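Novice: Output the structure for:
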Amino acid sequence: VCLKPVCAVSNMSLPLGEINVLILTDVHSWVGGHNEHEPQLNADYGSVLSFYEQLKDIMKNELDKDLFFVMNGDFRDGTGLSTSPPHALVPILERMPWDAVNMGNHELYDDESLRYITQTGGFVDWWNGAYLTSNIMLSATGEAVGSMYRILKGQYYDVLTFGFIYNMKDNSDLVMVQEVEDVVKMEWFETALRMDYDAILVLAHMDVVDPLVHVILKAIRSFVDENTPVQFVTGHTHYRKFAELDDYSTSFEPGRYLDTIGFVSFPSHETVMDTDNVSMLFNHKFIDANEKKMAEVLGVDKLATPNGIGLSKMIHHTEDTMGLNSLIGCSPHHYILFQGVKEKNSLWGLYLEEVIPFAFFKGNTSKVYIEDSGSLRYDLFDGNTTANDLIAVSPFRDTIYKVAEAVPGVTLLQLTKILNPENSTFYLKDYGLKDYGIAGDITPSNVYDLYTPAFSFEKILSVLANNGWNHTLPKKGLKTKLTTTDLWFEHAAHNWKCAAGGLQAIQGFESSKKGKASTSLLAFLVFALLGVIAFVIYRRRATARDPRPSVYEYSGNLKDFTIT
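Specialist: Model prediction:
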């Protein structure tokens, strides 16, 4: 038995402490893991469940050590399993034995999804008080969506736990997001801090060093001893990062899209009082979502448990039932998200220069299309391209609108300069990408019809109006029958034929016709063949983007970002 404050058990490489927390954040429905294109990320939620159960079993014989399992928000928007409402995803999530669940911004955009998870007996209620929403209230009642706080009770230690989100402004009208600065001054917050516990855990859906993290910590310190251990688990910005906040507090953010399983350990207040070197008692580990590496971390030969195997089968059966593994085409190259438009194999270059002209312009040179650069979310790999691959690239399925007609080219050129200023602080600027992608050649003397997805509509309309362009379309524009995701399906189905065996049913259909089927008809048949019923009823409302979809590319060994 290990009696040290921090230790590894047998062959296990985890830095166990008194209070240990296993963490998932910003998975964005990647519960099925990554496919054959990324074999180094072969873990799914079944693998994670197995890891947790094995770790829990190993720790049964450890004296004075507790283990908790948490999820820090953003379970929606990323793969075809995420629908509106999330009726396919929720049963999978409910198989995870989380001790606390936080709410992310992607759970707060879509009205249908919010109603679904907050209905009586729904997803929020499922957690029996463990779904934490310290600053999210239901507009209809003024009450918290979930619990404002919870004391996690282990065998040895009690941990006071909160669940905050950043000061979100563009959420659904069904909820109110209270500003963190106001919440920490409320009576209930002080009352919670005056209770008996051994340490504090703050689930915060915000960057690891967001100023609001310090607001929360300062408020906590105003009510409790300065040496009370406070562990922040952060997210939203899709990094692997760690930061020391003060001598008795750290902040930890473990990646996104199920590329990482996070682990932190920290001490109890009593131990801190008896220790000179407190910093050695706060530890963390980023665990690659790879089954072999996960087994090595635990020091076991076999990772899978019966419950984990069962959950993996459930996930992949759901994917198959929804048609998400159906082959749409074969991509000729690996197209990279974080690559300048003019760079080789740029995903944005492909989108603006090939996908949109083929699937949307269809030879019409009087159209211009503008889309925000947070809309594409993942690389597109060479070889087999499934429905889920395309949805992962463009998951939002935003309806495309005509913003204005007969706009002078000189006005559009001015618009693009305003949308993409030279002094932009856009987080992808270092990769050669601008705030907005522009498709279509613009000549100053010509006129154009301007199109954009729902998410960008208000922004572009506002800039046009502020620069003297009085459009003649209805206030909400003219809605087309296409979405951003539709464009990818149509392009892939027509232009990325597989060398052998791929798309035989579709090609057979085409050859049986006297003449080529229209692109619109073929796109419809692709969706009908897939049977992605839930996907077709996706969101009514545009889904907003994270300010940082991601800031690093996986290259075999993920970099651990440490901030001091």
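Novice: State the next helix or strand along the chain beyond the lengthiest helix in the chain.
Specialist: In the chain, assigned by DSSP state H, the helix with the most residues is helix 306-321. Remark: after helix 306-321, the chain's next helix or strand is strand 327-331, criterion DSSP states H and E.
Novice: what's that following strand packed up against?
Specialist: Contact here means 3 or more Cβ pairs under 8 Å, 6 or more residues apart in numbering; DSSP states H and E; on that basis strand 327-331 packs against strand 383-386, helix 387-393, helix 484-495. No exception for glycine: its C-beta is placed from N, CA and C like everyone else's.
Novice: For the ones you listed, give me JSON lines that also has mean pLDDT, distance to H269 and mean neighbour count.
Specialist: Formatted as JSON lines, the helices and strands packed on strand 327-331 follow (pLDDT from 0 to 100; distance: least, Cβ to Cβ, whole Å; neighbours: other Cβ atoms under 10 Å):
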{"stretch": "strand 383-386", "mean pLDDT": "96", "distance to H269": "51", "mean neighbour count": "20"}
{"stretch": "helix 387-393", "mean pLDDT": "98", "distance to H269": "44", "mean neighbour count": "26"}
{"stretch": "helix 484-495", "mean pLDDT": "97", "distance to H269": "50", "mean neighbour count": "22"}
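Novice: what about stretch 326-343, start to end distance?
Specialist: Criterion Cα to Cα, to the nearest Å; first-to-last residue distance in stretch 326-343 is 30 Å.
Novice: what comes up buried for that stretch?
Specialist: For stretch 326-343, the neighbour count (16 or more other Cβ atoms under 10 Å) marks 326-331, 335-341 as buried.
Novice: Average pLDDT for it, rounded please.
Specialist: Throughout stretch 326-343, pLDDT has a mean value of 94.
Novice: Just the buried residues of stretch 46-57, please?
Specialist: G46, S47, V48, L49, S50, F51, Y52, E53, Q54, L55.
Novice: now swap in stretch 303-313 and tell me
Specialist: Buried residues in stretch 303-313, counted by 16+ other Cβ under 10 Å: L303, A304, T305, G308, L311, S312.
Novice: Identify, by residue count, the longest strand of this protein.
Specialist: Looking across the chain with DSSP state E, the single longest strand is strand 399-408.
Novice: Let's see stretch 376-392 as PDB, backbone CA atoms only.
Specialist: Taking only C-alpha atoms (Å, rounded to 0.1, in the frame of the first residue of the first chain), the coordinates of stretch 376-392 have been written out as PDB:
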ATOM      1  CA  LEU A 376     -14.800  24.200 -40.500                       C
ATOM      2  CA  ARG A 377     -13.700  22.000 -37.600                       C
ATOM      3  CA  TYR A 378     -11.400  19.200 -38.600                       C
ATOM      4  CA  ASP A 379      -9.000  17.800 -41.200                       C
ATOM      5  CA  LEU A 380     -10.300  15.700 -44.100                       C
ATOM      6  CA  PHE A 381      -8.100  12.700 -44.700                       C
ATOM      7  CA  ASP A 382      -7.200  11.000 -47.900                       C
ATOM      8  CA  GLY A 383      -8.800   7.700 -48.900                       C
ATOM      9  CA  ASN A 384     -12.300   6.600 -47.900                       C
ATOM     10  CA  THR A 385     -14.600   9.400 -47.000                       C
ATOM     11  CA  THR A 386     -17.600   8.500 -44.900                       C
ATOM     12  CA  ALA A 387     -20.700  10.600 -44.000                       C
ATOM     13  CA  ASN A 388     -19.200  11.100 -40.500                       C
ATOM     14  CA  ASP A 389     -15.900  12.400 -42.000                       C
ATOM     15  CA  LEU A 390     -17.700  15.100 -43.900                       C
ATOM     16  CA  ILE A 391     -19.900  16.000 -40.900                       C
ATOM     17  CA  ALA A 392     -16.800  16.300 -38.800                       C
END
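Novice: for the protein, where's the lowest mean pLDDT among helices and strands?
Specialist: Ranked by mean pLDDT, DSSP states H and E, the helix or strand of the chain with the weakest confidence is helix 504-511, at a mean of 29.
Novice: Show the low-confidence segments of the chain, by residue range.
Specialist: 1-10, 426-428, 471-472, 475-476, 500-564 (pLDDT under 70).
Novice: Tell me which residues touch I336, please.
Specialist: Taking Cβ atoms under 8 Å, 6 or more residues apart in numbering, we find I336 in contact with E343, N345, S346, L347, D379, E553.
Novice: switch to 6 Å and redo it
Specialist: Residues near I336 by Cβ atoms under 6 Å, 6 or more residues apart in numbering: N345, L347, D379.
Novice: can these go into CSV with extra columns for secondary structure?
Specialist: Converted to CSV, those look like this (DSSP: H, G, I helix; E, B strand; the rest coil):
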residue, secondary structure
N345, coil
L347, helix
D379, coil
